[in-house]
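1. what's the 3D shape of this:
(4 chains)
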4 protein chains.
Amino acid sequence: MAQYDLVIKGGTVATASDTFRADVGISGGRIAALAMNLSSDGAQEIDARGKLVLPGGIETHCHIEQESAAGTMTSDDYYTGSVSAAFGGNTTIVPFAAQHRGQSVRDVLQTYDDRAAPKSVIDYSYHLIISDPTDEVINTELPEAFERGITSFKVFMTYDKMIVDDRQILDVLAMARAHGALTMVHAENNGMIKWMVDRLNAGGHTAPRYHAPSHPAAAEVEAIGRGIHLANFVDAPLLFVHVSTAEGARLIAEAQMKGQRIYGETCPQYLFLTREDLDRPGAEGAKFCCSPPLRDSDTQAALWQYVRNGTLAIWSSDHAPYRFDRSGKLAAGPEPAFTQIANGMPGIEMRLPLLFSEGVGRKRITLNEFVALSATNAARLFGMSDRKGSIAVGLDADIAIWDPDLQWQVTQSEMHDNMDYTPFDGMQITGRPVTVLNRGEVIVDAGSLKAQRGRGEFIKRAPFGIASTQSALAAELEPGSNFGAQIL
Amino acid sequence: MAQYDLVIKGGTVATASDTFRADVGISGGRIAALAMNLSSDGAQEIDARGKLVLPGGIETHCHIEQESAAGTMTSDDYYTGSVSAAFGGNTTIVPFAAQHRGQSVRDVLQTYDDRAAPKSVIDYSYHLIISDPTDEVINTELPEAFERGITSFKVFMTYDKMIVDDRQILDVLAMARAHGALTMVHAENNGMIKWMVDRLNAGGHTAPRYHAPSHPAAAEVEAIGRGIHLANFVDAPLLFVHVSTAEGARLIAEAQMKGQRIYGETCPQYLFLTREDLDRPGAEGAKFCCSPPLRDSDTQAALWQYVRNGTLAIWSSDHAPYRFDRSGKLAAGPEPAFTQIANGMPGIEMRLPLLFSEGVGRKRITLNEFVALSATNAARLFGMSDRKGSIAVGLDADIAIWDPDLQWQVTQSEMHDNMDYTPFDGMQITGRPVTVLNRGEVIVDAGSLKAQRGRGEFIKRAPFGIASTQSALAAELEPGSNFGAQIL
Amino acid sequence: MAQYDLVIKGGTVATASDTFRADVGISGGRIAALAMNLSSDGAQEIDARGKLVLPGGIETHCHIEQESAAGTMTSDDYYTGSVSAAFGGNTTIVPFAAQHRGQSVRDVLQTYDDRAAPKSVIDYSYHLIISDPTDEVINTELPEAFERGITSFKVFMTYDKMIVDDRQILDVLAMARAHGALTMVHAENNGMIKWMVDRLNAGGHTAPRYHAPSHPAAAEVEAIGRGIHLANFVDAPLLFVHVSTAEGARLIAEAQMKGQRIYGETCPQYLFLTREDLDRPGAEGAKFCCSPPLRDSDTQAALWQYVRNGTLAIWSSDHAPYRFDRSGKLAAGPEPAFTQIANGMPGIEMRLPLLFSEGVGRKRITLNEFVALSATNAARLFGMSDRKGSIAVGLDADIAIWDPDLQWQVTQSEMHDNMDYTPFDGMQITGRPVTVLNRGEVIVDAGSLKAQRGRGEFIKRAPFGIASTQSALAAELEPGSNFGAQIL
Amino acid sequence: MAQYDLVIKGGTVATASDTFRADVGISGGRIAALAMNLSSDGAQEIDARGKLVLPGGIETHCHIEQESAAGTMTSDDYYTGSVSAAFGGNTTIVPFAAQHRGQSVRDVLQTYDDRAAPKSVIDYSYHLIISDPTDEVINTELPEAFERGITSFKVFMTYDKMIVDDRQILDVLAMARAHGALTMVHAENNGMIKWMVDRLNAGGHTAPRYHAPSHPAAAEVEAIGRGIHLANFVDAPLLFVHVSTAEGARLIAEAQMKGQRIYGETCPQYLFLTREDLDRPGAEGAKFCCSPPLRDSDTQAALWQYVRNGTLAIWSSDHAPYRFDRSGKLAAGPEPAFTQIANGMPGIEMRLPLLFSEGVGRKRITLNEFVALSATNAARLFGMSDRKGSIAVGLDADIAIWDPDLQWQVTQSEMHDNMDYTPFDGMQITGRPVTVLNRGEVIVDAGSLKAQRGRGEFIKRAPFGIASTQSALAAELEPGSNFGAQIL
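-> Numbering: from 1, shown residues only, chains lettered A, B, ... in the order given. Predicted coordinates for the structure are as follows:
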């Protein structure tokens, strides 16, 4: 009997820390050995000579089979979404399970379990979106969700049907702190956006291009500043998703410099597209409406900088697939006003190739930094590093084998999502995942899907575990007493 | 016939810029001459040898004959309030005319005119408090108020019955910008305060001392940061009143460093009292409940620093007189919870003596800086420098003659307001105004009131006139177009 | 007998604080009265209707009859220099008395007295340049100079023959602190400049245009940062002259924000010229060589900002007149290398008209700010406010009467210095001093000089008197002991 | 024949990125396999159950067999120094090879080769100290040293016999940039130190305790700021060694935030000792004299913060062993003045145990961060990651097996250096390396040395290879031209 089920031979393995030539022995779905010359007798063998053997990507910001508060469903369900992710080199996705107002968290999770379990081809978990943090939710339902291993959730500082106010954010943060959960926040100042929308509408400025000024940079910067104050006040960790401004990233960097547990994420669209894409003729700009909106080339350069130096440690697609037709972007008609366009764009399959090609390929980041951004940082922040996020003995054999030299051009026909366009159309890419394994099973190889529908597993995640620092609140209370503990 | 109605002889005159020995000739209520040896033949003469001849103080943050949203009236009306101000060296007051929800601004102004005109012994204007910025208010009533010379108004970022949200603040700021008005803001994060109050109540922490942690420093700092973003976004000037935190003052200083029209005010209570005063036994701490709350001695030192370097250019009392009895602080009973205590403390008569004694006397500030803080800066910021705020030919003869060496101790019996306590009780002071003139008329002399009830005049104020700078909003819009102008 | 020697009628007087219509009565060379309607019977009368009556300018950074360490003499002596200053609206100049290595300060002062006293047409003092701070200089000669009323001196952080090292700067600062003197510093990093000069020379890059990169912005920023550390270390005030970089100004602003006694000066060339002027054909660029060098238009905008907000409170010409011929700029031949060109440019007569026209005229600054920058700030910082710098009773009648509407074009033929070019040639100016009085005597009127050679007086200046703050050094030593005092 | 020479069984392996249970197979001195169950038949076996299997430490700041400019030799030679390092869990040391003025770099390297090769028990390289950067050194000798694999060097901003000036630093940085070397700098402002020494001496303050104020915090902060300017100017990487101030660390963090290649190191003495140790009675304080000096407990907390967040990524001992006798600390007699005391303290054996016990043990850092600080970061920064710094297939089998629970107390008798005191005497430690392997050979086990004298190998290091960013210098020169390249 073979010692290993499968051996990957001759590749170059990279972790967030190291790069080395090794064979990888897989047994029982886990990485059993990394070695110089691994005997593969009896085992399946993959020839990885000239290839990179990397941890499978972990995509932690994507909207899959999720309906908006208004009821619009994303075009990808857990099947097409997970397939597209797999082709993009990912082996785990963490989409959102969204609580809309009045909904019970229990029901929400049941709904998403019903959606994901029978369809996902790769492993998955959810972040809980909380739009209605009632006492019941805070004190009963969320602790139950934690118990199930759902240890992160998200709140919105904007959008009428999702917004929570500062007091509610503090409730969520304090609860998260107590249980060891990580809070994520969509940070844009709601008042500034609404005021701008009013003014633009009043002036008859409704074309897609006006989406950009309607969500000004200052709205994000203000909200990030406020979020940092709130998180610091109760000493809770906070992740700012889709950071799109240089000044916002700077605020996050400064908080980190002071030792606060503040984290930042950015996405390909903010590094590879600009608001000029919104100016395309006719309704074409609608394809590029997302929030926060695309910015400019100076911002791109600044965000690369913050990706390089680790300030923005999470790299996600914010895949929010709405087709360029009546089911999605053009629901309001062929020439929708910017306020009528579903926000978001697809990209789950392009997240890693874009970063590899433009990051590693152009020497903006190292291969190890690429691994960290693909998988390791997400595994750590979201409580999966006991099983996911690296190439190490004992971990799940979640592996993406990349051909670093393969050159190709982005077109929608190469994508595997249920979309009719890609915003990155026409870009030249060097490097691509060619074989992808999830728990030791080849799920993608040479452009073909090998995975069964529904083979993906729900991943129970660990609490967010970094030791706490000092809160601003504690400083308000009597030092040396346990008053702070009573309050928090 | 005498050339002058009155001549002040032999004093040392100080302006915000200069200090010089001169006689002052007054004619028709105005300063007609400053000269080395002014013939006073026929004129009334005041001997000011050994004295300082300073501009009468302008008190721009005080609550006089103002009812709260809940209906509680301050203990001082326009008579006692203006008398106390006059004894404190002031010749102009600018209290608030408060619009409560549902009220018409026209009615509000009529009400305050009815209160002030028959009673005030010194000149006056109002700032309009706006709690209900409807379209009618924004587009019709406030322009009318400007027309009347009421060119400043105030909004609150906290207090349930007064709070306006960020979008409303932008409406007010944009309107203010269009007309040349100055907006003032009480900046505290409402959510943080309410969250803390809930937690403190839940823990049974209701004594007056808990007022301080219920309004944490972070709440002020966050709100100041947000206010700066909002003001900068629409390129409107903004004055933060009663700044009580070092970090808040630093944010203001940084905005000024960048050229933004951001201004700061602080008050005696934040430099001369601390939150330890809230710890006094029994209900005594109630006397020291104000919002933002008293802080600590490190903050005092930092605020002095920001007063010295001009960051906090407005020095006001925030006189908010509620007696220590059933009519005021103890309305809820002899041992009120901190949430039941009317916020505020008296100080209109102590504002200048405290600053003189501790500022000029201890060489923390110069005499010219004292003058700037007493009157000149306020006159400039609030559109009165054509008549008020300095000792210069042609200006109203609003003059406070100070004995710089007079030593005295603060007690309530020396005060002229309608209060039963002073928070500064027992402090030793050096320096005091001994004779005060408003428009050339002696209104206080040697401890006696000389003024008739109702002699004060309403002062029509000029628009806030500093040239505008670049707005963040403009940067969002097309450069070179006039799109920004359409939006603003 | 007339009460006044001279009365200025009907003008608009402005101080750093106030603007008012008043007649000015002058008696015995001093301002005796400011009044609404001053009887001028018997007195000389000047009609100032429609004119501005401003304090005479105080020019505190100019090189007059000063030889360089290499022996080159400026083209202006105390006669032409002071005449040009007077035509530019100035009534006091404070040029440098430069100690070269090995020279006794006593001898230096005697030399400059011999130069100034017989020639200057306006009042004057000197700043002492110290290039050789021996024990004798520090302990004996400088205290003697202070005694004479020379209460400011300057050190260089660059230039081989003038440079003092950090330890010597500390010696000077500590001595200045002990006596109440103000230190000025030319802040550029010598090593960076010399390294760049070497590299540029090695590459054969010797044209005038290379003067700009040879003195990089980083050299100034570094040196300003270092200077702030040194001054703060011994708690001594420090004035950075000719600040030419946005980042340098920002460091000064931040020090001021922290309450340090750090001051900044800038000059017209940095606001009105750019390094592109160095690119003019042939040797023409030599006219624009000064150190620090001209920068770019972004820097101009930033420096205006720091002038507006008071960070850069001293506005000087840095008049350093070297003719565009063999005696000056072209001493090394008709096509000099940038290292062979005497550094500096003329401008003593243009300092105030440029600031008035571009500052007040274009509403970048107020008239009162103009007055502060012309005279008041300098008088205060350099110990002359007992006699100079404002229009106030008792001060010297140093007055410049401006026609605010007079339009003219800059040409060298309009200048009164001993130069053959002006770097501001061709600029359109609105506003000009038409009549200038020094101690009550008309010295310039309607384009004619009225003053006698040598009529200027030496002004004994007061020590720099702002109370000291905490030094970084003190923080190193035992709190509560007097150890710090022993060290300082 | 056995597949492996040696197998480490059952331990928990940690890298900078991952922690996992694995056996380690070693073959030919290299790590050949990491696997779940490695057959050790025939191989030597080490039982690591309950132990941590970590990369051997890389100590990159230590003074071994190095004479000072004055000729004093450290007490440790390459034998005792490397033995002590090995007992402290290290497998590589990079001491200094110091060029004194007038010396040829070739001779210096020959000298150190003669010292190290016959004695070192672990692998080694050198950093070159450059005190005399002549043209010959810069253009010929240093390129030769690089060729040999010595790719880092160090300069001093203080010490009379070692100091280089700013221009020389630029020469070194530019050369380093051209060849891909890393520059290290001892950053303290020489003038401030000398000025303080003068003042302290003048006051008769000569006891050891005055060493601290003689090297004030401001001296380090200033020099770090200057170094950042210099490095940024020529776009060269720079490592600040032994950072001892919060403000210095903050400057480094800000440079990193801007994307500059600025790095920071700190040492155990700055986290575990304070200047109060200098106050010990008699000459005892001499044991604690090092430069920069020990600071205070606030600084300790701040430095921990900067270690935690990655700002200070290099953790070194700065082992500088001078015995507490006539050969070292007391060379000048039993009561030496602070200026007569050799600077430095031992600690090469305590570097890792202290960080493990106080860092990992007290949850200030994670185990992975400990690994990064022990070895990985140094391997990367100093060009050794192809062979050293992690546990990965193909790397040298440099491994320290730690007992994480072993409790012990620091005493000099436990140390293996040639010293007579340890500054950490008496501290309680949890965790200790129990078995250490270098290139697969057990060199320390169960408290016994197993290694032969001279078995250590010289490690040829790779150039510093991170892609360059924009220099400030480039911004001074014409964009779009290759002028910058000519200059650099």
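2. just give me the residue closest to the centre of chain A.
-> The centroid of chain A falls nearest to A:His61 when counting by C-alpha atoms, centre = their mean (2.5 Å).
3. what's the closest non-adjacent residue to that one?
-> For A:His61, ignoring the flanking residues on the chain, the nearest one in space by C-beta to C-beta, 6 or more residues apart in numbering or on different chains is A:Ser316 at 3.3 Å. Quick note: C-beta positions are derived from backbone N, CA and C, even for glycine.
4. how near is the one you found to A:Thr91?
-> Relative to A:Thr91, A:Ser316 is positioned 15 Å away (C-beta to C-beta, to the nearest Å).
5. neighbour-wise, which of those two wins?
-> A direct count of neighbours by other C-beta atoms under 10 Å in any protein chain shown for A:Ser316 and A:Thr91 places A:Thr91 higher, at 31 against 22.
6. give me the helices and strands touching the one helix or strand A:Pro353 maps to, please.
-> A:Pro353 belongs to helix A:351-355 when assigned by DSSP states H and E. Under the contact criterion of 3 or more C-beta pairs under 8 Å, 6 or more residues apart in numbering or on different chains; DSSP states H and E, the helices and strands touching helix A:351-355 comprise strand A:57-59, helix A:268-272, strand A:428-438.
7. can you pull out the strands in the stretch 101-250 of chain A?
-> If you assign secondary structure with DSSP state E, counting those that start in this stretch, the strands in the stretch 101-250 of chain A sit at A:123-124, A:127-129, A:152-156, A:182-186, A:238-240.
8. out of these, indicate the one that is most buried.
-> Mean neighbour counts were compared across the strands of the stretch 101-250 of chain A using mean count of other C-beta atoms under 10 Å in any protein chain shown; the top stretch is strand A:238-240, at a mean of 27.
9. which strands border it, and is each parallel or antiparallel?
-> According to DSSP bridges, the neighbouring strands of strand A:238-240, each with its direction, are strand A:182-186 (parallel), strand A:262-266 (parallel).
10. could you check the angle strand A:182-186 makes with the longest helix anywhere in chain A?
-> Under DSSP state H, the helix in chain A containing the largest number of residues is helix A:217-234. Here helix A:217-234 runs at an angle of 160 degrees relative to strand A:182-186 (axes from the mean of the first three to the mean of the last three C-alpha atoms, to 10 degrees).
11. and helix A:217-234 with chain D, contact?
-> No - when contact is scored as C-beta under 8 Å from any C-beta of the partner chain, no part of helix A:217-234 falls within range of chain D; the minimum is 14.2 Å.
12. and that helix, does that touch chain B?
-> Yes - with C-beta under 8 Å from any C-beta as the criterion, chain B is reached by helix A:217-234 at A:Ala217, A:Ala218, A:Val221, A:Glu222, A:Gly225, A:Arg226, A:His229, A:Leu230, A:Asn232, A:Phe233.
13. circling back to that earlier point, for chain B, find the nearest of the helices and strands packed on helix A:351-355.
-> Closest approach to chain B among the helices and strands packed on helix A:351-355 (C-beta to the nearest C-beta): helix A:268-272, 16.1 Å.
14. let me know whether the next helix or strand after the closest one sits next to chain C.
-> For helix A:268-272, the succeeding helix or strand toward the C-terminus, using DSSP H and E, is helix A:297-308. No - under the criterion of C-beta under 8 Å from any C-beta, helix A:297-308 makes no contact with chain C; the nearest approach is 13.9 Å.
15. by contact count, what packs against helix A:297-308?
-> Counting contacts by 3+ C-beta pairs under 8 Å, 6+ apart, helix A:297-308 packs against helix A:246-257, strand A:262-266, helix A:268-272, strand A:312-315.
16. let's go with 10 Å and repeat that
-> Secondary-structure packing of helix A:297-308 (3 or more C-beta pairs under 10 Å, 6 or more residues apart in numbering or on different chains; DSSP states H and E): helix A:246-257, strand A:262-266, helix A:268-272, strand A:312-315, helix D:246-257.
17. ranges for the helices of the stretch 1-150 of chain A?
-> In the stretch 1-150 of chain A, the helices defined using DSSP state H, counting those that start in this stretch lie at A:78-87, A:105-116, A:135-136, A:142-147.
18. do the third one and chain B meet at all?
-> No - between helix A:135-136 and chain B, judged by C-beta under 10 Å from any C-beta of the partner chain, nothing touches; the nearest distance is 11.2 Å.
19. what's next to that helix, contact-wise?
-> A:Ser104, A:Val105, A:Leu142, A:Asp171 (C-beta atoms under 10 Å, 6 or more residues apart in numbering or on different chains).
20. pretty sure A:Leu352 sits against A:Thr91.
-> No - contact between A:Leu352 and A:Thr91 fails when scored by C-beta atoms under 10 Å: they sit 11.2 Å apart.
21. looking at the stretch 101-250 of chain A, which residue is nearest chain C?
-> At 15.4 Å from chain C, A:Arg250 is the closest residue in the stretch 101-250 of chain A, using C-beta to the nearest C-beta.
22. give me the nearest residue to that residue, chain neighbours excluded.
-> The shortest distance from A:Arg250 to any non-neighbouring residue, by C-beta to C-beta, 6+ apart, is to D:Met257 (7.2 Å).
23. which residues does the one you found contact?
-> When the contact criterion is C-beta under 10 Å, 6+ apart, the partners of D:Met257 are A:Ala249, A:Arg250, A:Ala253, A:Glu254, A:Gln256, A:Met257, A:Gln305, A:Tyr306, A:Asn309, A:Gly310, A:Thr311, D:Thr311.
24. any idea how far it lies from chain B?
-> Distance of D:Met257 to chain B, computed by C-beta to the nearest C-beta, to the nearest Å: 17 Å.
25. confidence score at that residue?
-> As summarised for this prediction, D:Met257 has a pLDDT of 93.
26. cool, and A:Asp76?
-> 98.
27. got phi/psi on it?
-> Here the main-chain torsion angles of A:Asp76 (degrees, to the nearest 10) amount to phi -90, psi 130.
28. surely it is in contact with A:His63?
-> Yes - A:Asp76 lies in contact with A:His63 (C-beta under 10 Å); the separation is 8.2 Å.
29. overlap in contacts of the two?
-> Among the neighbours of A:Asp76, those also in contact with A:His63 (C-beta under 10 Å, 6+ apart) are A:Pro95, A:His319, A:Ala320, A:Pro321, A:Tyr322, A:Pro346, A:Ile348.
30. between these, which sits nearest chain B?
-> Sorting the shared contacts of A:Asp76 and A:His63 by how near they are to chain B, with C-beta to the nearest C-beta, puts A:Ala320 at the top with 23.0 Å.
31. the contacts of helix A:135-136, buried ones only, as a PyMOL selection?
-> Taking 16 or more other C-beta atoms under 10 Å in any protein chain shown as the burial criterion, the selection of buried members of those in PyMOL is written as:
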select buried, chain A and resi 105+142+171
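32. pull the most distant pair out of the contacts of helix A:135-136.
-> With distance counted by C-beta to C-beta, no two of the contacts of helix A:135-136 lie farther apart than A:Ser104 and A:Asp171, which are 17.4 Å apart.
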